[in-house]
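Peer 1: Dropping a prediction and its sequence here:
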Amino acid sequence: MIGLRSTALAALPLVLALTLPACGEESMALVQQLRPLNGTTAVGINEKPLLKLRDRVIILAGNRRVVLYDVTKGAKTTVAGEISSEGALLIYGPKATLKSDHDFLLEVQKGAVGGDEYELRDASEQPEEPLSWPLQFRFSTRSAPKVRAAYLEEVKGGQRLTVHFSQNMEPVATGQAVQLLDGVTHQAIPLGAPVWASESTVYLRPSGVLDGTLLYTLKVAVTARSADNTALDGDGDGVAGEAKDNFCVGFSGIQKVVFSRMATKKPSLCP
């Protein structure tokens, strides 16, 4: 039996949805803005990584406390560049264009940050996620798309699965590739029509409220495609479209973070 509570929700149309900033008090999170976002792929070779911290927090650049590394194939080679910082804003300007089809890591040591109190969290996206020292943000100039993050949110009338991809996606093939499975029987649980909040973020509504005592699997099949028609790199090895590139992650019906953009949870083998 598929684990759902309540009645089915009406299917949602395949349209772009506008998202507005949340109202309320200013976030105390350390990271307020990040470019490119953590886990992004298909980044341009002329990119200059930007990091903005909370107001009244300063970046004490220098002494190799903020470094951009090339981490392709497990290496960790420093990318020569100039750091410009003003208050809470930092820009890392590589001295040469970034290499194509390479992976990069922007690393910030604890001694690089000073100023007022803050919470060690990343608020550059919602929901906020915890950080740890050293701060590490990854991006890639490879074109292979990945699942960056997934969340289960309580919304008016039920729940919503939010799936963030690492780059712009082709909406029809990708929307059809996202599935919700019963964690035991692996039967598909009906989802409403996908609603794209942006070219890289899709919302899906389960046909009922997920049971908090049961397990589920979010699956994104390798048939998902980026806007440039590149197949999914589900296992994140930089090679897209392999037989093993179906992406799956297990979660419970009350688990808000299904898959973390801060790499606090890893994907699992697909059933």
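Peer 2: Alright, I've got the coordinates.
Peer 1: is it true that residue 122 touches residue 34?
Peer 2: Yes: Residue 122 is within contact range of residue 34, at 7.1 Å (criterion: Cβ atoms under 8 Å). Backbone N, C-alpha and C define where each C-beta goes, glycine included.
Peer 1: these two touch, right, residue 267 and residue 259?
Peer 2: Yes: with contact defined as Cβ under 8 Å, residue 267 reaches residue 259; the gap is 6.8 Å.
Peer 1: Those two - which one has more neighbours?
Peer 2: Set side by side, residue 267 and residue 259 show more neighbours around residue 259, with 24 against 19, by other Cβ atoms under 10 Å.
Peer 1: Lowest mean pLDDT among the helices and strands of this structure, which one is it?
Peer 2: Every helix and strand in the chain was compared by mean pLDDT, DSSP states H and E; the lowest is strand 4-5, with a mean of 48.
Peer 1: low pLDDT regions in the stretch 151-271 of the chain?
Peer 2: Along the stretch 151-271 of the chain, segments meeting pLDDT under 70 span 264-265.
Peer 1: Going by residue numbers, what spans are helices in it?
Peer 2: 171-177 (DSSP state H, counting those that start in this stretch).
Peer 1: ok, back up a step: report the set of residues contacting both of residue 267 and residue 259.
Peer 2: Both residue 267 and residue 259 are in contact with 147, 249, where contact means Cβ atoms under 8 Å, 6 or more residues apart in numbering.
Peer 1: Excluding covalently adjacent residues, which one is nearest to residue 212?
Peer 2: Spatially, and ignoring its direct neighbours in sequence, residue 212 is nearest to residue 254 (3.7 Å; Cβ to Cβ, 6 or more residues apart in numbering).
Peer 1: what's the spacing between the one you found and residue 204?
Peer 2: Distance of residue 254 to residue 204, given as Cβ to Cβ, to the nearest Å: 18 Å.
Peer 1: Looking at these two, which is more packed in?
Peer 2: Neighbour count, other Cβ under 10 Å: between residue 254 and residue 204, residue 204 has more, with 21 against 13.
Peer 1: how close does the more buried one get to residue 34?
Peer 2: Going from residue 204 to residue 34 by Cβ to Cβ gives 25 Å.
Peer 1: ok, residues contacting stretch 46-57?
Peer 2: Residues from elsewhere that reach stretch 46-57 (Cβ under 8 Å, 6+ apart): 26-36, 59, 68, 88-94, 97-98, 104, 106, 108, 113-116, 118, 137, 139, 141.
Peer 1: Looks like residue 246 contacts residue 222 (just checking).
Peer 2: Yes: with contact defined as Cβ under 8 Å, residue 246 and residue 222 form a contacting pair (5.2 Å).
Peer 1: Find residues that contact each of those two.
Peer 2: With Cβ under 8 Å, 6+ apart as the test, residue 246 and residue 222 both reach 232, 234.
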